[in-house]
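Peer 1: What follows is a predicted protein model with its sequence.
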Amino acid sequence: MAAPRAIRTPDQRLRIFVSSTLRELEPERRAARAAIERLRLAPVMFELGARPHPPRELYRSYLAQSDVFVGVYGQQYGWVAPGEDVSGLEDEYRLSAGMPSLIYVREPAGAREPRLEELLQRIRDDDRVSYKSFRDAEELGRLLQDDLAVLLTEQFDQARAQRPAEQMPRPGIPAPYSPLVGREAERDATLALLAQESTRLVTLTGAGGIGKSRLAIEVALEVARAGRDVAFTLLEAVSSPERVIDALARSLGVRDAASAGSLTERVISAIGERDTLLVIDNMEHLLGATATVMELITGTPRLQVLVTSRAPLRVRPERVVEVGPLAVPADGTRDVTAAQGSAALALFVQRGAAVQPGFTLTPANVGDVVKICRALEGVPLAIELAAARLRTLAPADLLARLDTALGEWEGPRDLPERQRTLRATMAWSVQLLGTSERRALAALAAFRGAFTVTSAERVLAAAGVAAPLDALAGLIDASLVGHGVEGDTRVYRLLTTVRTYAAELAADDERERSVTAWIEHYCTVVARAAPRLRGPDQLEQLAALELESENIAAVGRELVERGRFDEAAEYAWSLYLYLWIGGYLGVVRALMTQLLAAAGGDLAPHSRAIALYYTAAIRFWQDAAYDPRHDLTESRDLFDATGDPAGAALAGVSIGLAQLARPTGPDVPAAAAELERSLSGFRAGDDTWGQAMSLVMLGRIALAVGDPAGARSRFEDSLGMATAQGERLGIVIAHNHLGWARLFLGDLEGARQEFGAGLDLSLALGHDEGIAYGLEGFVGLRAAESDARGAGLLLGAAQALRLRKGVMNPGAFDFFAGPLERLRADGRTAELDEAIAQGRDLSVNEAIALVRR
């Protein structure tokens, strides 16, 4: 039996490829997408558009990057392309061999096409697939969601038991868009160093454009396939050494950057004794953060760090692997066979064939290609930029123009020779661009990290670029802009080396125009997304914002740094639900703390209300010793004074919770009065989401005074409001609290359903706080069932998750404390404490598997 594929649980964005005919099964495809997204998996689907059939190369590429195959079949066999023997539908099924597969066939089918009937008979005979029939789209959605949940648990258990050598790489490692060329020796040397337990830090050094990042990706993928944890940190958008720890924390899954205590300490605790490789890419401009890296190494016994940098870090444990130019043929080489042994020529031919299909080395062009690669000194990025010009230039013409460009380039004379060659090649490549493309490249330097085509189009248009999409296409053709697919959306980014060069192209006024366009674009994106974050489009909006999260965060910082304090506060306020669900509350707390310090008295009352709310309300959840009531009261009063009853009510909810969590004991009457006032405020502002939140908090008070039936009524009302609005976060919160009300009423099965529903939706949202609450619900349930070991394991896992993500919960709201105390009273303390300790070493994956057994 083949080793099972290592399956990631839904919180890790498994990719689900859905195969079906497009026109015939459009309702079923919508139902499948919805079912997949409810589990927070990534649907890989081709939608009906200008072309009724996806190109063969495209669907093959997407299928190769997917983890589970889902086939949905009705009556039609599908289109057979000219020159092919089978339809794309059958080709997709054939290519899915070796993948977990779920097959659904609509019945009754009516007049099913003969070739589809033949395919279905072969599928029925294939014992590797699950085969079910369905009547309509609604039933398909239910079946698919249930089957995926079961598949994830089964595959995860098999993977744990058999520990296959080949595992899927961890999400977060950038996807390579081309094969590794000529770096086998450096790859093997790096892997050999990392295979030694004594190796703690390896630095890949070399000039810009030499291929350090691509090599690091390859090493990371190899290490991940061997079964180790890998975290990949891109530092291209980080501007100062102080912010490096935030980027490292995020890649390691430590979400909030402003919890109590040092973030470095929290990262160390999160890594613990896990066998982890941390890759840090592009560190040369942030060498001041070397001490931070050393703190992580010193504090974690099994952490290894792989850094890419133009210069070594120069610390004691460092092992350096120098990444030099690719090998070039000897001068005068004209033999095709001899030239093909050169890595530089292999890269040139690979990239040339990508832009000029059919391009290869021939006796007629080999001499020119050899001279090109030698002139470019084997620098990979320079070779790629030159090869991109084969679309319009023959090798001989390319060589002539390149010789002139390299000879005439007047750059800084103190640059190393290879860096001069790369800069000259970039300058030459830019000179070949049209005016619109050159202006577009300079404008794109404003972006940080990934951006979508819509963002590029709007920023370029605002920056004065004519025909922005044509300009973007030209830059892609010239290999100056990279692109890839995240989920089912194509995204773009500039390599750090190219972005640095592009930023130098524009005059100061043009650069300012581009940055202003970039800021205004994302302010508009956020303003438009804000109302949709509270309704049925919530998942779509969260995914869209997360796709460009580096730009979203960078704009907030830029607004503060430019002294646009009021705009920065309103921008952050529009992002409230995104920041909460996505685990960015610590980040916004830090930004608002910076804003308050920088603005002083130069802040509008509403902006001050926002900043005080973020700093006080978030610190309350992260610092048990902090009393937020003074700052929150000022925030509430400022919201009131500026005509924002919903804002005042939200601050009032936090005041009410603070009354319940007082160190001297809860003040229930004061909390109830504050929450009733908040409920009235939300009603006055016609804020359904806020009303649902207030009802949950009032239900908490009912639980606190021993009235679970009254609490259940409040929670049910809240669930009804959130469901009517389609607001998933509110639904999660209501389900979790209903679980506790049912548990305290003795309805264990009802509690199980409520906690399960909240946990499933939290996974779909990627909401770490909700996942922690869901696990804690099952802690209470297992304790009520006298399962001390199960309760302890899940509590340990929840504690570890909260520590990693910076999501704390004041002790007053630990509803599981009572059931656990009863276990301890029964003499189960030793068993419980041992299980809690073991549970802290569980991943979220393993904890979810325990819940679902």
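Peer 2: Yep, that arrived.
Peer 1: Let me see the contact set for Ala670.
Peer 2: Applying CB atoms under 8 Å, 6 or more residues apart in numbering to Ala670 gives the contacts 656, 659. Every residue, glycine included, has its C-beta placed from N, CA and C.
Peer 1: again, only this time at 10 Å
Peer 2: By CB atoms under 10 Å, 6 or more residues apart in numbering, the contact list for Ala670 reads 629, 655-656, 658-660, 662.
Peer 1: which one of those residues is nearest Phe232?
Peer 2: Ala658 (39.2 Å; CB to CB).
Peer 1: Going by neighbour count, which of the contacts of Ala670 comes out on top?
Peer 2: Gly656 (27 neighbours; other CB atoms under 10 Å).
Peer 1: name the element that residue belongs to?
Peer 2: Using DSSP states H and E, Gly656 maps to helix 645-660.
Peer 1: From the contact counts, what lies against that helix?
Peer 2: Packed against helix 645-660 by the contact rule (3 or more CB pairs under 10 Å, 6 or more residues apart in numbering; DSSP states H and E) you find helix 605-622, helix 629-641, helix 668-684, helix 688-704.
Peer 1: Output those as CSV; include the columns distance to Leu41.
Peer 2: Putting these into CSV (distance: least, CB to CB, whole Å) gives the following:
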stretch, distance to Leu41
helix 605-622, 29
helix 629-641, 38
helix 668-684, 34
helix 688-704, 26
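Peer 1: so which of those comes closest to Leu444?
Peer 2: Nearest of the helices and strands packed on helix 645-660 (CB to CB): helix 605-622, 31.1 Å.
Peer 1: buried residues in that closest one?
Peer 2: 606-622 (16 or more other CB atoms under 10 Å).
Peer 1: For that helix, what is the distance to the chain centroid?
Peer 2: 26 Å (CA atoms, centre = their mean, to the nearest Å).
Peer 1: That helix packs against which elements?
Peer 2: helix 565-574, helix 576-582, helix 585-599, helix 629-641, helix 645-660.
Peer 1: Any idea which of the ones you listed gets closest to Leu116?
Peer 2: Nearest of the helices and strands packed on helix 605-622 (CB to CB): helix 576-582, 41.9 Å.
Peer 1: Just the mean pLDDT for that closest one, thanks.
Peer 2: Helix 576-582 shows a mean pLDDT of 90.
Peer 1: pLDDT weak spots in the stretch 201-350 of the chain?
Peer 2: Counting by pLDDT under 70, the stretch 201-350 of the chain has low-confidence residues at 255-261.
Peer 1: What segments of it are helices?
Peer 2: Per DSSP state H, counting those that start in this stretch, the stretch 201-350 of the chain carries helices over the ranges 212-225, 244-251, 263-271, 290-299, 336-339, 343-355.
Peer 1: Who are the packing partners of the shortest one?
Peer 2: Counting contacts by 3+ CB pairs under 10 Å, 6+ apart, helix 336-339 is packed against helix 343-355, helix 366-375.
Peer 1: Tell me which residues are up against that helix.
Peer 2: 328-330, 333, 345-346, 349, 360-367, 369-370, 373.
Peer 1: Give me the buried subset of the residues you listed.
Peer 2: Among the contacts of helix 336-339, those classed as buried by neighbour count (16+ other CB under 10 Å) are 328-329, 333, 345-346, 349, 361, 365-367, 369-370, 373.
Peer 1: so which of the residues you listed would you say is closest to Val844?
Peer 2: Nearest to Val844 among the buried ones among the contacts of helix 336-339, with distances taken as CB to CB, is Ala346, at 41.9 Å.
Peer 1: what's the spacing between that closest one and Ala396?
Peer 2: According to CB to CB, to the nearest Å, Ala346 and Ala396 sit 20 Å apart.
Peer 1: Then Ala734?
Peer 2: 71 Å.
Peer 1: Look at the two and report which has more neighbours.
Peer 2: Ala734 (29 against 15).
Peer 1: Could you find the closest non-adjacent residue to that one?
Peer 2: Leu719 (3.7 Å; CB to CB, 6 or more residues apart in numbering).
Peer 1: Same question for Asp637.
Peer 2: Ala648 is the one closest to Asp637 (CB to CB, 6+ apart), at 7.7 Å.
Peer 1: What is the burial count for Ala291?
Peer 2: Count around Ala291 with other CB under 10 Å applied: 12.
Peer 1: With Gln75 instead?
Peer 2: 15.
Peer 1: repeat for Arg532
Peer 2: Residues near Arg532, counting by other CB under 10 Å: 15.
Peer 1: Is the nearest residue to it once chain neighbours are set aside within a helix or a strand, and which one?
Peer 2: Distances taken as CB to CB, 6+ apart put Gln541 closest to Arg532, at 4.7 Å, once the chain neighbours are dropped. Gln541 is located in helix 538-547, with elements delineated by DSSP H and E.
Peer 1: Which positions within that helix qualify as buried?
Peer 2: For helix 538-547, by 16+ other CB under 10 Å, it's 538-539, 541-547.
Peer 1: Now do the helix or strand just after it: which elements does it pack against?
Peer 2: Next in sequence after helix 538-547, counting helices and strands by DSSP H and E, comes helix 549-561. In terms of contacts (3+ CB pairs under 10 Å, 6+ apart), helix 549-561 is packed against helix 244-251, strand 451-452, helix 508-532, helix 538-547, helix 565-574, helix 576-582, helix 585-599.
Peer 1: switch to 8 Å and redo it
Peer 2: Contact here means 3 or more CB pairs under 8 Å, 6 or more residues apart in numbering; DSSP states H and E; on that basis helix 549-561 packs against helix 508-532, helix 565-574, helix 585-599.
Peer 1: Columns distance to Ala751 on top of those helices, output as TSV?
Peer 2: Below are the helices and strands packed on helix 549-561 laid out as TSV (distance: least, CB to CB, whole Å):
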stretch	distance to Ala751
helix 508-532	32
helix 565-574	36
helix 585-599	28
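Peer 1: Just send the helices and strands packed on helix 336-339 back as JSON lines, with distance to Glu26 too.
Peer 2: Output for the helices and strands packed on helix 336-339, formatted as JSON lines (distance: least, CB to CB, whole Å):
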{"stretch": "helix 343-355", "distance to Glu26": "34"}
{"stretch": "helix 366-375", "distance to Glu26": "49"}
